[in-house]
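Visitor: Provide a 3D model corresponding to the input given below.
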Amino acid sequence: MWKKITLGRFRFVVQILSFVFLVYGGLVVGHYLADKLSGTLPALSCAYDKQNADYCILIPTQHQLHHRVGEGIVRAQQFTFNLLLPLFFTFVSFYVFFVFLNKAFCGWICPLGTFQEWLFRLGRKFHLPIYTLPENKTGRVRPIKWLMLVGLVFAMPLLAGLGVLPHAAGDAYCQICPSRLLTTLATGDTEQLVINQSSLADIIFSVIRVLLFGFMLVAALSIRQPFCRICPLLAFHALFRRLSPTRLVKQAHEKCGKCGICHKACPMDIHEIWHLDGPRAFHEDCTLCGRCAEFCPDDDIIQLKVGPLALFKSSREYYKRRIKTEKPGGAIVSRKRR
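Guide: As a prediction, the model looks like this:
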């Protein structure tokens, strides 16, 4: 029985439980229970969802910059202790989770990431074509998440607090985040689909939000994790990833760089894992989903570790069992045809 339990199936169960908890958990614990359960989680669990059990770090970060830091500079009163300390504790609550799990929040827990994986699986059921990004195009997409982080999460909320930008820019990223639509629609709330006509800025943000959500719905049917590639939370994680004990490790091996199966299995099209060894093999886009380790056909080459402890190791026997149900590129293999 245990042989039927794969890392991918275990991760799928974790994703389902996390999705249900993060989207609907507020029905059990209450919406305002001590700032939810932990205050913040490094996953896109939207604060606009009134039934969830926690919310992502980006909303309090933007609000702190908007209402505390930006407006505090204008007032120039008690800046250090009354304004920076709340922001500091927001980051501390984020790091307490992150230091142990690293970007596994992206690959295992984030509701938006889970939803995109479900859409991709749906695309396979309908035999839609699979599109992967070549190395040159992957390099062009990667900087976008940093622009989103700096521009929408940090700069615009701060400028809104200073009075330079309109109030709607105080949570600029959350205005366009697809998770805002996903989690609210999942609870039957259609309010976020409405174009807010309160101001020109609200109209622009509302239109962008709906268009971005629609693009993600369509793209995720043929492209693995399309929004994850530009998500500012992934960039946020990258700032701290070297400090985390949870990581993927790839050992140098004479066969490495020849089969390329690990690259085909990677939902983020990380090309470095195919050719490089050590920390360089795992780009900042890695979400620690572990698929590269699952589909590596050699023993102990790729390991998912917490400190010195290896949670999962690549294995030839495991690889043989894994490809019976799924190809590395994501297509489901029917056992009846085998």
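
Visitor: what ranges do the strands span in the stretch 151-300 of the chain?
Guide: 246-250 (DSSP state E, counting those that start in this stretch).

Visitor: Next, count neighbours for Lys313.
Guide: 16 (other C-beta atoms under 10 Å). The way it works is simple: take the backbone N, C-alpha and C, and place the C-beta from them, glycine included.

Visitor: I figured it hits Cys296, correct?
Guide: No: if you go by C-beta atoms under 8 Å, Lys313 and Cys296 don't touch, sitting 9.0 Å apart.

Visitor: Now do the shared contacts for the two.
Guide: Ile302 (C-beta atoms under 8 Å, 6 or more residues apart in numbering).

Visitor: Number of residues surrounding the residue lying closest to Pro178 once chain neighbours are set aside?
Guide: What sits nearest to Pro178 in space, not counting adjacent residues and going by C-beta to C-beta, 6 or more residues apart in numbering, is Phe213, at 4.5 Å. Using other C-beta under 10 Å, Phe213 has 20 neighbouring residues.

Visitor: Kindly report the same for the one 3 residues further on.
Guide: Neighbours of Met216 under the rule other C-beta under 10 Å: 23.

Visitor: How about the one 5 residues further on?
Guide: In terms of burial, Leu221 registers 21 neighbours under the definition other C-beta under 10 Å.

Visitor: Hmm, Leu119 and it touching each other?
Guide: Yes: counting by C-beta under 8 Å, Leu221 touches Leu119, with 5.5 Å between them.

Visitor: pretty sure Gln64 contacts Phe89?
Guide: No: Gln64 lies out of contact with Phe89 (C-beta under 8 Å); the separation is 9.5 Å.

Visitor: Next, count neighbours for the residue nearest to Leu152 when sequence neighbours are not counted.
Guide: Distance criterion C-beta to C-beta, 6+ apart; nearest residue to Leu152, sequence neighbours excluded, is Tyr173 at 3.9 Å. Applying other C-beta under 10 Å, we find 24 residues neighbouring Tyr173.

Visitor: Quick one: residues contacting Tyr173.
Guide: The contact partners of Tyr173, by C-beta under 8 Å, 6+ apart, come to Leu58, Gln62, Met148, Leu152, Val153, Pro232.
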